[in-house]
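J.: Fold the following for me, if possible:
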Amino acid sequence: MVFHERQEGALCAQHALNSLLQGAYYTAVDLADLARTLDEREREQLAAGDYSSPAYLRSLQADSQNMDDSGFFSVQVISEALRQWNLTIEPIKSEACAAALVTPENENAFICNFEEHWFTLRKIDGEWYNLDSQFQQPAKVSQLHLGLLLAELQQAGYSVYVVRGDLPQPLQLEEDRVDDPDLAAAIALSLANP
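T.: Prediction:
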């Protein structure tokens, strides 16, 4: 079963991460904590040991660059969350991702952003899915259409990131684990005839 979170408020970064990881691993609070940690690191670098410097003092008054009140989170927060899973993201147009532009089907996932909306494209069991939280359900994407979709997204101004590393497998939900073959057949029949 493919895990997919539906849009709640402006928490698309949370939904994109959880869809990528195939489980409800991150909450808005978790991501806000990561954003605050990143803000603090950035302030420390800005201070460079001089906590009375004007730049450091201004940074204490400034809004976060890693999150906002609407629920938007920066690419740095996404990157930090993925680092906890030994995953990295690279812009698809970077030299390190040149092959992804030519043969995107050889990758495992992409995270896309445009105007503060994040979503995930991910390969699961050999099939590609668009896991956009604004969709009612995951949308299958053919390998042929994947390259076209990525080109369209970039043409429309989306930032596209290639996800690198070993992605976790989708969690098998309890309702997916049915040991009784008669019960499994009954469930399949009921799902097929709403």
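
J.: ok, residue 131 - contacts?
T.: Residue 131 sits next to 2, 4, 16, 19-20, 119-122, 138 when contact means Cβ atoms under 8 Å, 6 or more residues apart in numbering. Where C-beta positions appear, they are placed from N, C-alpha and C, glycine not excepted.

J.: I'd like to know which of those are part of helices.
T.: Using DSSP state H, the subset of these located in helices is 16, 19-20.

J.: give me the low-pLDDT residue ranges for this protein?
T.: Along the chain, segments meeting pLDDT under 70 span 43, 45-71, 171-194.

J.: where exactly do the strands run in it?
T.: Under the criterion DSSP state E, the chain contains strands at 88-91, 109-114, 117-124, 127-130, 139-141, 159-164.

J.: got these as TSV, with distance to residue 79 columns?
T.: Below are the strands of the chain laid out as TSV (distance: least, Cβ to Cβ, whole Å):
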stretch	distance to residue 79
strand 88-91	6
strand 109-114	10
strand 117-124	12
strand 127-130	21
strand 139-141	24
strand 159-164	9
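
J.: Quick one, which of those gets closest to residue 73.
T.: The closest of these to residue 73 is strand 117-124. By Cβ to Cβ, the value is 7.9 Å.

J.: Can you list the helices and strands that the closest one packs against?
T.: Strand 117-124 sits against helix 12-21, strand 109-114, strand 127-130, helix 143-155, with contacts defined as 3 or more Cβ pairs under 8 Å, 6 or more residues apart in numbering; DSSP states H and E.

J.: 10 Å instead, please
T.: In terms of contacts (3 or more Cβ pairs under 10 Å, 6 or more residues apart in numbering; DSSP states H and E), strand 117-124 is packed against helix 12-21, strand 109-114, strand 127-130, strand 139-141, helix 143-155, strand 159-164.

J.: out of these, deepest packed?
T.: Highest mean neighbour count of those: helix 12-21, a mean of 26 (counted as mean count of other Cβ atoms under 10 Å).

J.: Taking strand 109-114 as reference, get the angle to that one.
T.: Counting by axes from the mean of the first three to the mean of the last three Cα atoms, to 10 degrees, helix 12-21 lies at 170 degrees to strand 109-114.

J.: now helix 12-21 against strand 159-164, angle please.
T.: Counting by the same axes, to 10 degrees, helix 12-21 lies at 30 degrees to strand 159-164.

J.: Which strands and helices lie in contact with helix 12-21?
T.: Contact partners of helix 12-21 among helices and strands, from 3+ Cβ pairs under 10 Å, 6+ apart: helix 28-47, helix 75-83, strand 109-114, strand 117-124.

J.: Mind putting those into TSV with distance to residue 164?
T.: Below are the helices and strands packed on helix 12-21 laid out as TSV (distance: least, Cβ to Cβ, whole Å):
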stretch	distance to residue 164
helix 28-47	19
helix 75-83	9
strand 109-114	9
strand 117-124	13
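
J.: Tell me which of those sits nearest to residue 158.
T.: strand 109-114 (4.3 Å).

J.: Neighbouring strands of the closest one in the sheet, and parallel or not?
T.: Sheet pairing of strand 109-114 (DSSP bridges) gives strand 117-124 (antiparallel), strand 159-164 (antiparallel).
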